[in-house]
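A.B. asks: Compute the structure for the input listed below.
(one chain, ligands or ions: 1)
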Amino acid sequence: MVAIEVEGLEKRYVTYLRRGLRRERSVIHALRGISFSVMKGEVFGLLGPNGAGKTTTVKILSTLLLPDSGKAFLLGYDVVKEPEEVRKRIGVSLSVERGFFWKLTGRENLIYFGMLYGLDGNELRERVNYLLKLVGLDELNSSDKLYEEYSTGMKARLSIARALLIDPDVLILDEPTLGLDPASSRMIRELLIRLAHDEGKTVLITTHNMFEAEIVCDRVAIINDGRIIAIDTIDNLKGIVGGDLSIELSILPSARISLDNLRPHFSDLNAELTLNGDDIKLKVLTKPSERDEVTQELLLRLQKLGCSVKRVEVREPNLEDVFIELTRGRS
Ligand SMILES: Nc1ncnc2c1ncn2[C@@H]1O[C@H](COP(=O)(O)OP(=O)(O)OP(=O)(O)O)[C@@H](O)[C@H]1O
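C.D. replies: Below you'll find the model as predicted:
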């Protein structure tokens with residue numbers, strides 16, 4: 001079942017730039033007609049560089065911003081024509097700190113927002129207790145600490161708890177782990193996967209973080225300059241860069257060895273030779289089935305040339321390789 005459907009969304013911002021004493025009108029095309037759909041129970045990532053249009057997209061889906069053209073539906077409800085129906089079914093965290101009361105505790109903040117959503121009494125207390133536990137803020141020194149004393153990680157967890165107050169079917173999170181340490185990031189990533197795969201919620205996140213997208217997202221859309229340039233599973237996207245492995249060797253510097261000396265000996269393997277600090281880095285792309293054979297061949301040739309190898313690394317293509325490949329020459 002489709003949970004989020006986006007068809008040809010366009011958004012332009014009009015800004016005024018100062019040119020001396022004059023103000024010059026400038027139009028920024030934040031979205032140039034993007035389309036995608038997200039299935040129920042899926043973790044879907046919008047991935048792209050700064051200014052690509054990710055936040056604009058999630059603001060439109062959260063009914064906080066109107067598109068110039070195009071359509072978007074959440075669980076069948078039109079975000080422009082039926083915003084109330086959409087808001088009843090979504091939990092949103094766009095900026096971790098936005099809207100919380102600094103002089104209230106984390107628990108009090110959740111109770112306050114719960115009351116705004118129409119919850120009260122036992123139902124509200126139980127929901128807040130459940131959510132504080134879910135996001136790991138249930139210890140007394142977390143839940144009953146003033147919000148202003150919360151660390152960034154605690155604020156991020158509370159923000160997700162607030163987004164979950166009405167037990168929404170769809171969660172929309174802008175950069176949910178931005179600025180968090182590895183332990184907090186991992187906790188939030190595991191929570192998002194659990195919410196989608198165990199509870200059937202649909203989770204839409206934005207991120208710059210390729211590593212995060214690889215771990216969390218079932219599928220991603222890569223956005224660049226207001227356009228979607230690829231949508232697929234991570235594995236299929238990796239196929240775009242050929243599915244080749246990269247074998248990288250660090251060669252110790254020596255007076256006799258230079259990039260120019262080495263190049264002719266590896267040109268038949270399309271090797272890339274670059275300086276990496278003082279070391280020389282030799283990189284060759286190869287099919288997974290030829291990995292051992294090619295590694296041995298490289299080591300043998302380097303040994304014959306009198307080179308000392310410091311390190312050998314074999315790396316699978318990751319989303320970063322895909323992103324660089326797809327955006328090459330586009331921006
Ligand atoms: N309120 C605004 N007024 C004018 N321009 C805006 C406004 N909001 C966003 N933009 C511009 O629209 C484009 C898309 O911005 P958006 O915030 O959607 O990108 P993003 O992918 O979320 O970027 P980031 O990763 O930096 O958050 C950018 O060029 C941005 O400068």
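A.B. asks: low pLDDT regions in the stretch 1-150 of the chain?
C.D. replies: Residues of the stretch 1-150 of the chain meeting the criterion pLDDT under 70: 96-97.
A.B. asks: residue ranges of the helices in it, please?
C.D. replies: Using DSSP state H, counting those that start in this stretch, the helices of the stretch 1-150 of the chain run over residues 54-61, 83-87, 106-116, 121-134, 140-143.
A.B. asks: ok, so what distance separates Leu252 from the ligand?
C.D. replies: Distance from Leu252 to the ligand, counting by C-beta to the nearest ligand atom, to the nearest Å: 40 Å. Using the backbone N, CA and C atoms, a C-beta is placed for each residue, glycine as well.
A.B. asks: circling back to that earlier point, would you mind telling me which of the helices of the stretch 1-150 of the chain is nearest the ligand?
C.D. replies: Shortest distance between the ligand and the helices of the stretch 1-150 of the chain, using C-beta to the nearest ligand atom, is found for helix 54-61: 3.2 Å.
A.B. asks: Which strands and helices lie in contact with the closest one?
C.D. replies: With contacts taken as 3 or more C-beta pairs under 8 Å, 6 or more residues apart in numbering; DSSP states H and E, helix 54-61 sits against strand 2-19, strand 22-39, strand 43-47, strand 69-74, strand 170-174, strand 202-207.
A.B. asks: Now for the most centrally placed residue in the chain: which residues touch it?
C.D. replies: The centre of the chain sits closest to Thr207, judged by C-alpha atoms, centre = their mean, with a distance of 2.3 Å. Applying C-beta atoms under 8 Å, 6 or more residues apart in numbering to Thr207 gives the contacts 45-47, 175-177, 213.
A.B. asks: Quick check: the two most widely separated of those?
C.D. replies: Greatest spatial distance in the contacts of Thr207: Leu46 and Thr177, 14.3 Å, computed using C-beta to C-beta.
A.B. asks: Can you tell me how far the residue lying closest to Gly91 once chain neighbours are set aside is from Ala271?
C.D. replies: Nearest-residue entry for Gly91: Ala163, 3.4 Å, with adjacent residues in sequence omitted and distances by C-beta to C-beta, 6 or more residues apart in numbering. From Ala163 across to Ala271, the span is 49 Å (C-beta to C-beta, to the nearest Å).
A.B. asks: what residues does this structure put near the ligand?
C.D. replies: Within the chain, the residues that sit near the ligand (C-beta under 6 Å from any ligand atom) are 13, 15, 28, 30, 48, 50-56, 208.
A.B. asks: Please enumerate residues in contact with stretch 246-261?
C.D. replies: 262, 273-276, 278-286, 291, 294-295, 298-299, 302, 305-315, 317.
A.B. asks: Show me which positions of it end up buried.
C.D. replies: Using 16 or more other C-beta atoms under 10 Å as the test for burial, stretch 246-261 gives 246-251, 257.
A.B. asks: distance between it and the chain's centre?
C.D. replies: In terms of C-alpha atoms, centre = their mean, to the nearest Å, the centre of stretch 246-261 is found 35 Å from the chain centre.
A.B. asks: what's the span of that stretch from first residue to last?
C.D. replies: The first and final residues of stretch 246-261 sit 22 Å from each other (C-alpha to C-alpha, to the nearest Å).
A.B. asks: swap in stretch 150-170?
C.D. replies: Stretch 150-170 has an end-to-end distance of 26 Å (criterion: C-alpha to C-alpha).
A.B. asks: give me the number of residues near Asp278?
C.D. replies: Asp278 has 8 neighbours, counted by other C-beta atoms under 10 Å.
A.B. asks: Between Leu46 and Thr177, which is the more surrounded one?
C.D. replies: Using other C-beta under 10 Å, the more surrounded residue of Leu46 and Thr177 is Leu46, with 28 against 23.
A.B. asks: I'd say that one and Ala221 touch.
C.D. replies: Yes: Leu46 is within contact range of Ala221, at 5.6 Å (criterion: C-beta atoms under 8 Å).
A.B. asks: How is this protein partitioned into domains?
C.D. replies: Using automatic domain parsing, the domain ranges for the chain come out as 40-68+80-240, 245-315.
A.B. asks: related to what we said a few turns ago, and the residue nearest to the centre of the chain, how close does it get to Arg127?
C.D. replies: Distance from Thr207 to Arg127, by C-beta to C-beta: 28 Å.
A.B. asks: before we move on, what about Phe266?
C.D. replies: From Phe266 across to Arg127, the span is 63 Å (C-beta to C-beta).
A.B. asks: same check, this time on Ser184
C.D. replies: According to C-beta to C-beta, Ser184 and Arg127 sit 23 Å apart.
A.B. asks: swap in Asn209?
C.D. replies: Distance from Asn209 to Arg127, counting by C-beta to C-beta: 30 Å.
A.B. asks: now Phe323
C.D. replies: Counting by C-beta to C-beta, the separation of Phe323 from Arg127 is 39 Å.
A.B. asks: the more surrounded of the two?
C.D. replies: Set Phe323 next to Arg127 and count neighbours by other C-beta under 10 Å: Phe323 wins out with 24 against 20.
A.B. asks: need the contact list for the more buried one.
C.D. replies: 47, 210, 222.
A.B. asks: Kindly indicate the member of the residues you listed with the most neighbours.
C.D. replies: Ranked by the number of neighbours (other C-beta under 10 Å), these place Leu47 first, at 25 neighbours.
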